[in-house]
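**Student:** This is a predicted model, with the sequence first.
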Amino acid sequence: MAMRRWDPFTVLARLDDEFDDLVRRTWSTGSGAGITGRGMGYVPAIDMATVGSDVVIRLELPGLDIEKDVEIEVHDGRLTISGERRDTSEHKDASGKVLVRELRYGSFRRDFALPEGVSADDVTATYDKGMLEVRVASVTRPVEAPKKIAVKAGPASDTKTVTGSAEGRG
C-alpha cells in the first residue's frame, strides 16, 4: 500500500474549485443564454482598489469588442457593468464536434453600490489589452486621526443629587 502525504493546500484548492463550480451553476440563467455546454456562464474576474480618493475597478475582458459588447451605467446609486463575450471560434474536428471547451462565453453583469452623491459624471472608463478599468472619482474620504476632546469641569454648585426608591412601583 502506497503512502500519500496529506497536503492541506491541495485540499483547499480542490474545495475552492468545487465552491466556484457550485456558485457558477447556481447563478447561471438556466435559459441557455450565456451558458456553455457544462452549464456555466461567463463571470469576468475583477480587482478593486483605492487610488487616492478614487476607487478603481479592473475587469478582465479579453477578446471583446468593447464598444459593441460592453455597457457601463450609473443608475439609482449603482454602477452596472454588463456585456457579452461571444464565441466566434471555428475550432472543430473534421466531424464538427467540439473536443474541449474550457473558455467561458455568454452574458455577464457586475453591480457595485455607489456612495450617496456619486453620479455618472464621476465615472470614467478605459480599455487596454483586454483589461477594462473603471474609475469612480472622489469616493473615499481621508481617514482622520483621532482627536481628544477636552472635558471641562463645571461648578460644583450646579450638581444635583437625585434620590429615589423602587418601592411603590408595580
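**Tutor:** The structure has been received and is ready for your questions. Numbers count the residues shown, from 1 in each chain.
**Student:** domain ranges for the protein?
**Tutor:** As given by automatic domain parsing, the domain ranges for the chain are 10-41, 42-142.
**Student:** any chance of those in a markdown table, plus mean neighbour count?
**Tutor:** For glycine as for every other residue, the C-beta is placed from the backbone atoms N, C-alpha and C. Formatted as a markdown table, these follow (neighbours: other Cβ atoms under 10 Å):
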| stretch | mean neighbour count |
| --- | --- |
| domain 10-41 | 12 |
| domain 42-142 | 13 |
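**Student:** out of the ones you listed, nearest to Ala150?
**Tutor:** Of all the domains of the chain, it is domain 42-142 that lies closest to Ala150, at 24.0 Å by Cβ to Cβ.
**Student:** So what would you say the end-to-end distance of the closest one is?
**Tutor:** Terminal residues of domain 42-142 lie 36 Å apart, using Cα to Cα, to the nearest Å.
**Student:** Same question for stretch 108-118.
**Tutor:** Using Cα to Cα, one end of stretch 108-118 lies 24 Å from the other.
**Student:** What are the contacting residues of it?
**Tutor:** With Cβ atoms under 8 Å, 6 or more residues apart in numbering as the test, stretch 108-118 has contacts from 34, 41-44, 46, 48, 57, 59, 74, 77-85, 136, 139.
**Student:** If we use 10 Å, what do you get?
**Tutor:** With Cβ atoms under 10 Å, 6 or more residues apart in numbering as the contact definition, stretch 108-118 has outside contacts at 34, 41-44, 46, 48, 55, 57, 59, 61, 69-71, 73-85, 120, 122-123, 134, 136-141.
**Student:** With stretch 129-138 instead?
**Tutor:** For stretch 129-138, the surrounding residues in contact (Cβ under 10 Å, 6+ apart) are 44, 46-48, 51-64, 66, 70, 72, 74, 79, 81, 83, 110, 112, 114-115, 117-118, 121-127.
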